[in-house]
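Chemist: need coordinates for the following:
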Amino acid sequence: MKKITKASELLKAGLIDPEKLKAIEKVAEKFSISLTPQVLEIMQTGSEGDKAAILQQFVPSEQELSTTASESKDPIGDDVYTQVKGIVHRNSDRCLLMPLLACPVYCRFCFRREKVGSNSKALSEAELQSALTYIAEHKELWEVILTGGDPLMLNPKKLGQILQVLENIAHVEVIRIHTRVPLFDSNRITDQMIQALKINKAVYVALHTNHPSELTERAQKACARFVDAGIPMLSQTVLLKGINDTPEIMGELMRGLVKNRIKPYYLHHGDLAEGTAHFRTTVKEGQVLMKALRRQYSGLCLPTYVLDIPGGFGKVPIGHTYFECGKVEDYQGNLHSYD
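Modeler: Predicted structure coming up:
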C-alpha cells in the first residue's frame with residue numbers, strides 16, 4: 001500500500017463516492033490530504049466502527065467547505081503570540097517550537113489546518129537558529145514544546161541537533177514532543193530516533209490519539225520503545241462527535257493508553273477551525289462524558305477536559321463541577337454537605 005495524498009487516489013481506493021470527487025478536490029485545494037499505509041490497514045482490517053472512526057478523521061468531507069461565523073483561520077491565536085518564525089510564546093514559562101509544519105497524516109479537524117500541509121517547508125537553518133536564540137535569551141522559559149507539524153517527521157540526526165541545543169540552555173528543564181508518528185508511521189521510531197531523545201533533560205512524548213483502533217500492535221510496540229528507554233509518555237485527545245463521544249469508546253481508549261504506560265493528559269474540546277463544525281460536540285455533552293468516565297473508570301484513565309479559549313487566551317479546564325455552595329457531589333451523583 002502507498003500513501004494517499006490526492007482526491008483521485010481516495011476515489012481509486014474506494015474511500016469516497018464518485019459524485020463527491022469534485023467537492024473533495026476543492027477541499028484538497030485548501031487543506032492537505034495524507035493517509036499512510038498504516039491508516040489504510042486499520043480501515044481494511046478493523047471493524048466497521050473502526051473503519052468509520054478512522055475514515056472520518058482522515059478522509060476529507062464536503063462538509064469542510066462550510067464555515068460558521070465563529071470559525072477562524074487561527075482559532076487559538078497562534079499568530080498573536082508568534083514572536084519569531086517557529087516560536088509561539090503564549091505562556092510565561094513555556095513556548096512552542098515548530099521546526100516544521102508537515103505531518104504523517106492530516107486530521108480533518110486540525111486547528112492549524114490553514115498552516116500545516118504536505119507542501120510546508122521546515123524552518124531554514126537561519127530561521128531555526130533565530131528560534132533557538134529566542135529560547136536562549138528568554139530565561140523564563142522552563143519548558144519547550146516541540147510541535148507543528150509533527151517533530152518526529154524530522155530525521156533523527158536533525159532532531160537530535162535541536163535537542164542538543166536545548167539541552168545546553170540551562171533554564172530549559174523540560175522538553176515535550178507532540179506527535180502522531182508512533183501510531184501511523186511507526187517505522188520512524190528507530191534506535192536512532194530513541195537515541196536522539198536521550199539527552200540530559202526531562203523529555204516527554206505526548207501522543208495524539210482519538211480512537212482505540214489507533215492503538216494497533218505496531219503502534220503499541222513503537223510507544224513501548226519510548227517508555228522502555230525511560231522516556232515518559234502522555235496523551236492528548238480531541239473530543240469528536242460521532243467518533244469518540246461515548247463513555248464506552250473514550251473509556252476503551254483511555255484504558256488502552258494506561259495499559260501501554262501512557263498517561264492520559266488532555267481531552268480537547270473541538271477548536272473553532274474553519275470547516276470543522278461537524279466534528280464539534282457541545283461543552284455540556286463533553287461534561288456529561290467526563291462525569292460518566294469518572295463514574296466508571298480508574299482515575300488513571302481520566303484526562304483533563306479543556307477548552308483553548310479562542311483568541312489566544314490559553315487552555316482552561318471545563319469539566320463538571322463537583323463542589324458548589326457547601327455541597328459536594330460524589331461520583332454516583334449523590335450530594336453531601338461540606339463546610
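
Chemist: ramachandran angles for the residue nearest to residue 107 when sequence neighbours are not counted?
Modeler: Leaving aside its chain neighbours, residue 107 sits nearest to residue 57 (5.8 Å; criterion: Cβ to Cβ, 6 or more residues apart in numbering). All C-beta atoms are positioned from the backbone trio N, CA, C, and that covers glycine. Here is the backbone geometry of residue 57 (degrees, to the nearest 10): phi -70, psi -30.

Chemist: wait, residue 57 touches residue 244, no?
Modeler: No: Residue 57 is not in contact with residue 244 according to Cβ atoms under 8 Å; the separation is 9.7 Å.

Chemist: quickly list what's touching both of these two.
Modeler: Here residue 57 and residue 244 have 210-211 as joint contacts, going by Cβ atoms under 8 Å, 6 or more residues apart in numbering.

Chemist: ok, the two, which is more surrounded?
Modeler: residue 244 (25 against 22; other Cβ atoms under 10 Å).

Chemist: please, where are all the strands along the stretch 101-250 of the chain?
Modeler: For the stretch 101-250 of the chain, strands defined by DSSP state E, counting those that start in this stretch occupy the ranges 143-146, 174-179, 202-208, 233-238.

Chemist: can you lay out those as a markdown table showing mean neighbour count?
Modeler: Compiled in a markdown table, those are given as follows (neighbours: other Cβ atoms under 10 Å):
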| stretch | mean neighbour count |
| --- | --- |
| strand 143-146 | 21 |
| strand 174-179 | 21 |
| strand 202-208 | 21 |
| strand 233-238 | 21 |
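
Chemist: can you name the residues that contact the residue positioned nearest the centre of the chain?
Modeler: Residue closest to the average C-alpha location in the chain (Cα atoms, centre = their mean): residue 208, at 3.7 Å. For residue 208, the contacting residues are 178-180, 235-238, by Cβ under 8 Å, 6+ apart.

Chemist: as CSV, those residues with pLDDT and distance to residue 201 would be great.
Modeler: Below are the contacts of residue 208 laid out as CSV (pLDDT from 0 to 100; distance: Cβ to Cβ, whole Å):
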residue, pLDDT, distance to residue 201
178, 98, 17
179, 98, 18
180, 98, 23
235, 98, 21
236, 98, 21
237, 98, 26
238, 98, 28
